[in-house]
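Q: here you go, sequence then predicted model.
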Amino acid sequence: TQKTINLKLKDNKKIGYFGKIDVSGGLQKNIDDRYNNNILYSTFKGKRKLSAFVLNGNTGQDGLSWQDSEKYGGDNDNYSASIDDDGGVMFTYTSGGSSDGEPYVNTDNGFIKNINAGLQYSNKWKDKNTLNLSPKYNAQDYSNSTKTYMQQLLGGDSSLNTYSNSDAHVNRYNVKLSGSYDMKIDSMNSLKLTLKASYYHTESETYQTAETKRETGNQVNNSNSLTKTNTDKQTLYGSFLFRHKFKKARRTLSINGDFNTLNSTGDNYLTSHNESFDPNNPFVIDKNQFINNDKNTQQATATFIYTEPLSKKFSLELSHQISFISGKNNQQTFTYTPATAKYDVVVDSLTNDFDQKISVNKPGAKINYSYKKIKYNFGSSFGFTQYDLLDKTFNKDYIRNYINFFPSASFKYSYKSNHNLSISYNGYNTQPTINQLQPLRNSTDEFNQYIGNPNLKPSFSNSFNVSNNGYNFIKDKFVYQGFRLTTTSNSITNNRVINANSGKITTQPINTNGSISANLYSGIGFKVKKLDARFQLGPGFYYNRFADVTNNILSYSKTFTPSFNFNFQKNKDKKYDFSINNSINYNYNKNSQSTVKNNYISNSLNFNGTLYIHKVWSIGTDYELNSRQKTDLITSNLSNSLWSGKLQRTFKNNEFTTYFKVRDILNRNIGIDRNFYGNTFTEVVNDRLKRYFLLGFTWDFKNKAPKAN
């Protein structure tokens with residue numbers, strides 16, 4: 001609806017290279033010397049681009065920064081952009097087979113050494129065919145010591161208090177390869193192919209001690225264990241997207257298919273000593289076991305969407321989705337026999353061979369309306385789901401059939417330029433995983449057992465959304481408001497059975513009803529010309545009611561959190577940059593099985609500032625303060641601060657930079673995390689990298705721009 005000018009640089013002028021070398025290190029007294037070395041390079045010619053990077057360090061960096069990823073990583077296959085009739089751009093994210101089952105490592109905790117390396121190649125021919133290839137390598141050597149305190153409220157004044165310590169060391173590496181080929185076959189047809197593959201190898205060792213006491217201080221149990229694992233994992237993902245435009249305007253057909261597989265094999269060794277002081281049944285159990293686990297999951301999905309114009313304002317959308325999920329999980333557990341010096345006795349209760357097959361057929365129809373400032377659609381799809389679960393060990397077959405109704409509707413009103421009001425509703429379900437379905441106990445912790453449930457049903461959620469947003473380009477001002485409400489039936493939660501005498505907790509996933517979450521968010525951003533500064537204000541509100549089960553009794557855990565966020569930014573080129581962000585929250589948590597109420601105020605303050613001196617010198621600092629009030633369960637306030645500073649000097653028009661950096665100047669970086677979940681309070685204290693110094697040098701290089709004709 002608006003005319004624009006698209007300025008393009010001629011291909012014969014797109015020739016060059018750029019890159020960065022950043023090396024730094026620092027001698028330390030009580031910890032290992034710190035270092036961080038990064039080499040990044042990119043070259044381009046016409047539409048061809050080739051980038052490479054190598055990162056190596058032990059300061060917690062584990063991958064490209066967001067800015068460097070845009071320049072050198074180029075791995076944006078999981079993001080897609082679409083432009084509507086009004087010129088609005090919408091970015092969507094798809095998993096793209098990225099769910100590899102690897103545990104997340106928070107590099108803020110513990111100590112990590114890493115190597116990251118990667119290549120990115122992209123090219124385009126005749127503005128029709130685009131190729132992207134990206135191999136990557138990552139290696140991690142990670143260690144962490146953790147102290148955990150967990151309080152289980154049993155009703156009244158009774159509770160179980162568990163104190164545990166663990167030392168973990170993980171050594172792992174992975175290789176990933178991703179590629180995509182996007183082709184415009186002709187003006188009416190296009191096809192995109194995507195392929196991703198990865199390989200992981202992980203070796204880990206964890207030593208843990210734990211003891212549980214009653215509120216009186218009397219000991220209930222204690223244990224110690226050593227676990228060693230050796231795991232290999234492979235993933236493969238592929239997809240295609242075909243689009244066809246018919247001669248008749250707005251008549252289209254798209255076919256999308258994808259598949260992914262995950263295979264893992266693991267050898268685990270466990271030695272443990274477990275002692276219970278249950279007055280009715282005291283026991284001592286020593287374990288020396290070998291666990292072999294082979295797991296395989298596969299998923300394939302095909303989606304067909306056809307649109308047919310009914311008039312200038314209305315169109316019909318017909319769709320059909322077919323998906324198939326299969327999984328195999330074969331775990332064998334053997335105990336050690338001293339006479340044979342082998343792991344040759346099968347533990348029946350910890351051995352199981354389980355298969356799952358889930359198929360879903362989902363036809364649907366939708367009516368779309370679009371005219372001037374108003375757009376809306378409504379429709380529904382129906383899901384016919386079949387579960388076929390086979391327990392080969394006990395020769396049991398679980399067959400379940402479900403029919404789900406997936407209604408959807410949306411309304412959008414563009415009441416003026418860059419101002420929109422949107423209302424939408426969507427219904428969707430979540431399938432249980434094979435670990436949740438398989439009726440198999442774990443053996444790594446005698447007093448914390450998890451067992452699957454083959455009778456689980458898929459959960460179904462109703463999501464309602466209302467949002468309003470607007471932007472005034474002349475006044476440089478934006479506003480937004482939104483409300484989201486989600487209700488879930490057959491929510492997959494856990495039933496925790498707690499034995500007060502032995503302290504043993506058995507957890508099993510089950511379906512519950514009554515879970516609700518609501519989120520109200522808003523914000524306004526504007527510039528004050530007299531101050532030459534930007535402000536942003538954002539009040540919000542969050543409510544959650546979660547259905548939980550303890551000792552087979554249903555309870556509801558309610559969380560209520562109003563919040564307010566404030567942001568201030570002021571800068572002047574080569575003079576200064578300042579920003580302050582503060583977020584304050586009131587937190588209220590209550591479980592219907594307990595008389596304890598947890599209400600406290602938490603606050604997070606962040607400050608970033610840089611002052612430039614004679615344009616070539618700069619002093620930068622950032623400060624973070626997190627604080628939390630005490631509660632009935634926490635008898636003291638908690639605060640954590642992290643203050644860092646940097647002094648740097650640039651040379652030769654910012655091509656070269658030398659710097660001196662200090663992280664955690666006050667040496668007060670602590671890793672404490674406190675959570676309330678149902679009738680359980682947990683405090684986890686992690687090791688963290690504290691104060692260290694780095695002296696570094698950076699070279700930002702690039703070729704000279706070609707001369708204009």
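A: That came in fine, so what should we check first?

Q: what about the nearest residue to residue 202 once chain neighbours are set aside, how many residues nearby?
A: In this structure, residue 202 finds its nearest non-sequential neighbour in residue 172, 3.9 Å apart by Cβ to Cβ, 6 or more residues apart in numbering. For the C-beta atoms, the positions are set from N, CA and C on the backbone; glycine is no exception. By the criterion of other Cβ atoms under 10 Å, residue 172 has 19 neighbours.

Q: from the chain's centroid, how far away is stretch 512-525?
A: 19 Å (Cα atoms, centre = their mean, to the nearest Å).

Q: give the buried residues for stretch 411-418.
A: 411, 412, 414 (16 or more other Cβ atoms under 10 Å).

Q: pretty sure the residue nearest to residue 202 is touching residue 200, no?
A: Yes. Between residue 172 and residue 200 there is a contact under Cβ atoms under 8 Å: 6.7 Å.

Q: next helix or strand past the helix or strand the residue nearest to residue 202 falls within?
A: Element membership for residue 172 (DSSP states H and E) is strand 158-184. Next helix or strand after strand 158-184 toward the C-terminus (DSSP H and E): strand 189-214.

Q: what helices or strands is that next one leaning on?
A: Packing partners of strand 189-214 (3 or more Cβ pairs under 8 Å, 6 or more residues apart in numbering; DSSP states H and E): strand 158-184, strand 219-245.

Q: now do the strands in the stretch 451-600 of the chain.
A: All strands of the stretch 451-600 of the chain, identified by DSSP state E, counting those that start in this stretch, fall at 459-472, 477-489, 491-498, 505-512, 515-528, 533-550, 553-572, 576-591, 597-613.

Q: wait, residue 514 sits on residue 547?
A: Yes. If you go by Cβ under 8 Å, residue 514 and residue 547 touch, sitting 4.3 Å apart.

Q: identify the contacts common to these two.
A: Each of 491, 554, 556 lies in contact with both residue 514 and residue 547 under the rule Cβ atoms under 8 Å, 6 or more residues apart in numbering.

Q: buried sites along stretch 597-615?
A: Applying 16+ other Cβ under 10 Å to stretch 597-615 flags 598, 600, 602, 604, 605, 606, 607, 609, 610, 612 as buried.

Q: direction included, what does the strand holding residue 172 pair up with?
A: Strands that pair with strand 158-184, judged by DSSP bridges, come out as strand 129-155 (antiparallel), strand 189-214 (antiparallel).

Q: taking strand 533-550 as reference, get the angle to the longest one.
A: So the one you mean is strand 129-155. Here strand 129-155 runs at an angle of 60 degrees relative to strand 533-550 (axes from the mean of the first three to the mean of the last three Cα atoms, to 10 degrees).

Q: so how far is strand 129-155 from its chain's centroid?
A: Strand 129-155 sits 10 Å away from the centroid of its parent chain (Cα atoms, centre = their mean).

Q: repeat for the shortest one
A: Centroid separation for strand 189-214 versus its chain: 12 Å, with Cα atoms, centre = their mean.

Q: and the helix or strand harbouring residue 681 with strand 158-184, angle?
A: Using DSSP H and E, the element containing residue 681 is strand 680-686. Counting by the same axes, to 10 degrees, strand 680-686 lies at 70 degrees to strand 158-184.

Q: quick check: what element follows strand 680-686 along the chain?
A: strand 692-702.

Q: buried sites along that next one?
A: Under 16+ other Cβ under 10 Å, the buried positions of strand 692-702 are 692, 693, 694, 696, 698, 700.

Q: residue 473: which of those residues is nearest?
A: Ranked by distance to residue 473 (Cβ to Cβ), the buried residues of strand 692-702 are led by residue 700 at 32.9 Å.

Q: hey, what's that closest one bridged with?
A: residue 20.

Q: show me what contacts it?
A: By Cβ under 8 Å, 6+ apart, residue 700 lies in contact with 18, 19, 20, 654, 655, 656, 657.

Q: run me through the strand neighbours of the strand holding residue 681, direction for each.
A: In the sheet, strand 680-686 lines up with strand 129-155 (antiparallel), strand 671-677 (antiparallel) (DSSP bridges).

Q: list the buried ones in the shortest one?
A: Right, the one you point to is strand 671-677. Result for strand 671-677 [16+ other Cβ under 10 Å]: buried residues 671, 674, 676.

Q: the last one reaches residue 590, doesn't it?
A: So the one you mean is residue 676. No. With contact defined as Cβ under 8 Å, residue 676 does not reach residue 590; the gap is 9.2 Å.

Q: which residues are common contacts for these two?
A: 557, 598.

Q: how close does residue 655 get to residue 575?
A: 21 Å (Cβ to Cβ, to the nearest Å).

Q: adding distance to residue 32 and mean pLDDT, write the strands of the stretch 451-600 of the chain out as a markdown table.
A: Listed next are these as a markdown table, based on distance: least, Cβ to Cβ, whole Å; pLDDT from 0 to 100:
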| stretch | distance to residue 32 | mean pLDDT |
| --- | --- | --- |
| strand 459-472 | 46 | 95 |
| strand 477-489 | 46 | 96 |
| strand 491-498 | 40 | 92 |
| strand 505-512 | 38 | 94 |
| strand 515-528 | 43 | 96 |
| strand 533-550 | 40 | 94 |
| strand 553-572 | 37 | 94 |
| strand 576-591 | 33 | 94 |
| strand 597-613 | 28 | 93 |
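
Q: who wins for proximity to residue 205 among the ones you listed?
A: That would be strand 505-512 among the strands of the stretch 451-600 of the chain, by Cβ to Cβ, at 24.7 Å.
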